[in-house]
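A.B. asks: Sequence below, structure please.
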Amino acid sequence: ATQGGSFKLSYYNEYKSYLSMSDTTPGDDTTPSSPKRKKQKTEEIPATQGDGPVCPICLDSWSSTGAHRLVSLKCGHLFGQVCIEKWLGGGSGKCPQCNGPARKSDIRAIYAKVICAVDNHERDDALRLLDAEKLKRSRIEQLQLKTSMQCQFYASENSALRHRVQELESKVKFLENRQNVLGNSAYKHGLYAFRRSLVISSDETCSIYDSDAFSGILAVAKKLENAQSRYGVLKISSIDSSNGEFTSIHSNQIRDMKFNPEGNCTLLTCGKDKQLRLTCMKSNTTILTYHTTRDIWSCSWSEFKTNVVFCGLQNGEVLVYDVRNTREAVDRIVPTLPYQKCPVISINPLPGRDSSPHEYANLVVASLQGISQYSKTKSGTFESVSVGGQTGALSSVSYHPGTNLLLATYKPGNKTRRERHVVMKLDVEAQKANEIGTFLGGSIQSLRSRTSLVSCPEEEDHMLVVAGDQSANVVRIWSTRDMSESQTLSLIYYSNPGTVVTVGSQRATGVDYLVVLTNEMLFQYKWSNSPSHRSHTGVIQVGD
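C.D. replies: Residues are numbered from 1 along each chain as shown. Predicted coordinates:
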């Protein structure tokens, strides 16, 4: 080093000693080795380093070769080689810049001709702004894509609604033209007039209903809303317009239910939880529960011996229970033919043949693939005979004991594109059914639909076929006397009436009603002979 460099080094050492003495004056708790003091030195010394490429000890420029060449310590601070060697050789074991521990062995040569620190602060700020702009642009593009998809969805939905409105308008015109052809003279008897409608289930879980003629109670099977594994019935009074309480019965969907024909308010229910239950609807308590090994699809009381109940299983078997035996079935009917080995959808007891009518010697059992008549032999076993004339997938079979008429409803299929409602006359003794006529229904059956044979309130021996048409969302009524359609009950006047699943008759306080159940609502129509209750299309528009 030069003589001027030695003078500057000596001056710097004296100045550093002065700083050390001033930092350790009494009353000052900050020692040179304390973290606070290290932080202060780290912040103070770099200020002298910003004047250019000079050694912070001698304040002379360092060189790339020679004794004052550029070196660094392990802490990263730069010095002239001769200056830092003298500094560390003088007994100081610390870096002049950061006061960190340092030794001569830590000295590392820096091989560089020119050292210049580039200020990239503005570049970093620009990059951060660019990243933020890219993120903002990406979010805007995602929002634009989402908005575009929503617009396309709403446009498609709007087109579907327009198409639906056109269909409904064409149906109304069809009904108006039909009435102009038929004329009012076509109706020689009364009509069903709208009385009331009730919302039963907002989550579309209604499936079936039954009524008790003695108490006037309507029981609708549904799921308890906002609850899991709670299925039961909602009691509705036929006298007033109030809804009764919900009674929880099963832990899974209810598939069938029947009130006791003796009128003691005992309800027989079965469901997918493999249970057959008897419930008192007066006290809402369970009387008896039977457990089976398979899902139960249907149930029925014996019309001639009300302590006997039946249930049809998923594999085609029919179990017979006597309520006096609370443990197990007293009899079992095992299917033998292939079409019988599928879920049983209907069980109808018949009067005994050549025996007491108070025995369950004869049954009409309908599965999803056909109808059979079972007869009990002297040996105690059952023999079966097929009584259904047509083929296809059955959705509903009802029996009217007073006239021995059977109504079988077949779903639309590949050969027949529309529903078939086949009316047959059952000959119990001959074990066969003679077909009387077939009525064609709708082209769609998205949910299982139950049809019904209803006695005309004006003439008991005049039977009406009542069936829901899910494709047009109407209920059609045909007369078995002249084999013509006598009335159409439309549900298009309601914004969302649901899909028709069950229809049937009800008699309460001497008044005849027709009940239509959708998967959401219940509609009640009252029989009326007044011409004022007849609409010009056969659709009832006003009620009492």
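
A.B. asks: count of residues packed around L453?
C.D. replies: 21 (other C-beta atoms under 10 Å). Quick note: C-beta positions are derived from backbone N, CA and C, even for glycine.

A.B. asks: got a list of what it touches?
C.D. replies: S398, Y399, H400, L405, L407, V423, M463, L464, V465, V466 (C-beta atoms under 8 Å, 6 or more residues apart in numbering).

A.B. asks: does the second one really touch N362, like I thought?
C.D. replies: No. Using C-beta atoms under 8 Å, Y399 and N362 do not qualify as a contacting pair, with a distance of 11.6 Å.

A.B. asks: Now the common contact residues for the two.
C.D. replies: Common neighbours of Y399 and N362 (C-beta under 8 Å, 6+ apart) do not exist.

A.B. asks: Show me which of the contacts of L453 is closest to I371.
C.D. replies: Nearest to I371 among the contacts of L453, counting by C-beta to C-beta, is Y399 at 9.9 Å.

A.B. asks: which residues touch the closest one?
C.D. replies: Y399 sits in contact with S346, N348, V364, L405, L406, L407, L426, L453, where contact means C-beta under 8 Å, 6+ apart.

A.B. asks: so which of these comes closest to R195?
C.D. replies: Among the contacts of Y399, and counting by C-beta to C-beta, the member closest to R195 is L453, at 21.6 Å.

A.B. asks: Next one: the closest one from E317, what distance?
C.D. replies: L453 sits 26 Å away from E317, going by C-beta to C-beta, to the nearest Å.

A.B. asks: Dead centre of this protein: give me the residue that sits there.
C.D. replies: Residue closest to the mean C-alpha point of the chain, counted by C-alpha atoms, centre = their mean, is D203 at 8.6 Å.

A.B. asks: could you pull out the helices for the stretch 101-250 of the chain?
C.D. replies: 121-182 (DSSP state H, counting those that start in this stretch).

A.B. asks: got any ranges where it has weak pLDDT?
C.D. replies: Scanning the stretch 101-250 of the chain for pLDDT under 70 picks out 113-120, 177-189, 239-243.

A.B. asks: other SSEs contacting the helix or strand hosting Q373?
C.D. replies: Assigned by DSSP states H and E, Q373 falls within strand 371-376. On a contact count with 3 or more C-beta pairs under 8 Å, 6 or more residues apart in numbering; DSSP states H and E, strand 371-376 meets strand 362-367, strand 382-386.

A.B. asks: Contacts made by the shortest one with the rest, please.
C.D. replies: Here strand 382-386 makes contact (C-beta under 8 Å, 6+ apart) with 333-337, 339-340, 365, 370-377, 431-432.

A.B. asks: Recalculate using a threshold of 6 Å.
C.D. replies: I333, S372, Q373, Y374, S375, K376, T377, Q431 (C-beta atoms under 6 Å, 6 or more residues apart in numbering).

A.B. asks: Across the sheet, point out what pairs with the fourth one.
C.D. replies: In this structure, Y374 bridges to L363, S384 when assessed by DSSP bridges.

A.B. asks: Over to T518?
C.D. replies: V500.

A.B. asks: Isn't N348 up against A366?
C.D. replies: No. Taking C-beta atoms under 6 Å as the definition, N348 is not a contact partner of A366, at 8.0 Å.

A.B. asks: Could you list which of the contacts of L453 belong to helices?
C.D. replies: Applying DSSP state H to the contacts of L453, no entry is found in helices.

A.B. asks: can you list the residues you listed in a markdown table and add pLDDT and distance to N99?
C.D. replies: Shown next, in a markdown table, are these (pLDDT from 0 to 100; distance: C-beta to C-beta, whole Å):
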| residue | pLDDT | distance to N99 |
| --- | --- | --- |
| S398 | 92 | 102 |
| Y399 | 91 | 105 |
| H400 | 90 | 108 |
| L405 | 92 | 110 |
| L407 | 94 | 104 |
| V423 | 94 | 109 |
| M463 | 92 | 111 |
| L464 | 94 | 107 |
| V465 | 95 | 105 |
| V466 | 96 | 101 |
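
A.B. asks: ok, back up a step: could you identify the buried members of the contacts of strand 382-386?
C.D. replies: I333, S372, Q373, Y374, S375, K376, Q431 (16 or more other C-beta atoms under 10 Å).

A.B. asks: Can you report how many residues lie near the closest residue to S211 other than its chain neighbours?
C.D. replies: The shortest distance from S211 to any non-neighbouring residue, by C-beta to C-beta, 6 or more residues apart in numbering, is to Q506 (4.4 Å). For Q506, the neighbour count with other C-beta under 10 Å is 20.

A.B. asks: Could you give the number of residues near the closest residue to G89 other than its chain neighbours?
C.D. replies: Counting by C-beta to C-beta, 6+ apart, K104 is the residue found nearest to G89 once chain neighbours are left out, at 7.1 Å. Residues contacting K104 under the criterion other C-beta under 10 Å number 12.

A.B. asks: close enough to count as contact, I57 and V82?
C.D. replies: No. Using C-beta under 6 Å, I57 makes no contact with V82, being 9.3 Å away.

A.B. asks: Which secondary structure element of the chain has the lowest mean pLDDT?
C.D. replies: helix 35-44 (a mean of 42; mean pLDDT, DSSP states H and E).

A.B. asks: Show me what secondary structure element comes after that helix.
C.D. replies: Next along the chain after helix 35-44, with elements defined by DSSP H and E, is strand 70-72.

A.B. asks: ok, that next one: who's next to it in the sheet?
C.D. replies: Counting by DSSP bridges, strand 70-72 is paired with strand 78-80 (antiparallel), strand 108-109 (antiparallel).

A.B. asks: Quick check: which of those is buried the most?
C.D. replies: Mean neighbour count (mean count of other C-beta atoms under 10 Å) peaks for strand 78-80 among the strands paired with strand 70-72, with a mean of 23.

A.B. asks: Which residues does it contact?
C.D. replies: So strand 78-80 is contacted by C55, I57, W62, H68, S72 (C-beta under 6 Å, 6+ apart).

A.B. asks: now these in JSON lines, with neighbour count and pLDDT?
C.D. replies: As requested, those are exported to JSON lines (neighbours: other C-beta atoms under 10 Å; pLDDT from 0 to 100):
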{"residue": "C55", "neighbour count": "27", "pLDDT": "90"}
{"residue": "I57", "neighbour count": "22", "pLDDT": "91"}
{"residue": "W62", "neighbour count": "21", "pLDDT": "79"}
{"residue": "H68", "neighbour count": "21", "pLDDT": "89"}
{"residue": "S72", "neighbour count": "15", "pLDDT": "92"}
